[in-house]
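1. how would this look folded up:
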Amino acid sequence: MDKRLLDILCCPTTRSGLRMMAEPELAALNQAILGDGVVSDGGARISASVTSGLITQDKRTIYRIEDDIPVMLADEAIATAQIAHFPQV
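-> Numbers count the residues shown, from 1 in each chain. Next up, the predicted model:
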């Protein structure tokens with residue numbers, strides 16, 4: 001993702017800064033998706049693996065990136081609290 005775009009993006013709910021997810025974070029998210037399941041803040045079940053995403057600086061919220069476009073809708077956010085053993089990178 002373009003560094004300039006990343007510098008201006010923020011969480012639509014908290015206005016917290018974002019960063020690209022690290023590989024261990026993506027692995028934990030995808031393991032949870034395949035295992036017990038993950039739901040978005042809007043209540044939709046996430047069924048497809050995530051190849052890249054953004055995470056808030058406080059590591060509480062994930063936003064998927066689909067086709068190089070960040071999905072920055074509050075209802076599409078994923079809370080990390082529902083992911084067992086989410087890494088504290």
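2. Show the contacting residues for S52.
-> In this structure, S52 makes contact with M1, M20, M21, L26, R64, I65, judged by CB atoms under 8 Å, 6 or more residues apart in numbering. Just so you know, the C-beta spots here come from the backbone N, C-alpha and C atoms, and that holds for glycine as well.
3. Using neighbour counts, trim these to the buried set.
-> By neighbour count, with 16 or more other CB atoms under 10 Å, those hold M21, L26, R64, I65 as buried.
4. what are the phi and psi values for the spatially closest residue to Q57 that is not a sequence neighbour?
-> Nearest non-adjacent residue to Q57, counting by CB to CB, 6 or more residues apart in numbering: G17, 4.7 Å away. Here the main-chain torsion angles of G17 (degrees, to the nearest 10) amount to phi -70, psi 160.
5. any idea which strand is longest in the chain?
-> Ordering each strand of the chain by length in residues (DSSP state E) puts strand 61-66 first.
6. which element follows the longest helix anywhere in the chain toward the C-terminus?
-> Secondary structure of the chain per DSSP state H: the longest helix is helix 23-34. The C-terminal neighbour of helix 23-34 among helices and strands, as given by DSSP states H and E, is strand 38-39.
7. And the average pLDDT for that next one is what?
-> Strand 38-39 comes out with an average pLDDT of 96.
8. Report the contact partners of the residue nearest in space to the middle of the chain.
-> When the chain is reduced to its mean C-alpha position, the nearest residue by CA atoms, centre = their mean turns out to be I62, at 2.0 Å. Neighbouring residues of I62 by CB under 8 Å, 6+ apart: M21, E25, L29, V50, G53, L54, I55, T56, A77, I78, A79, T80.
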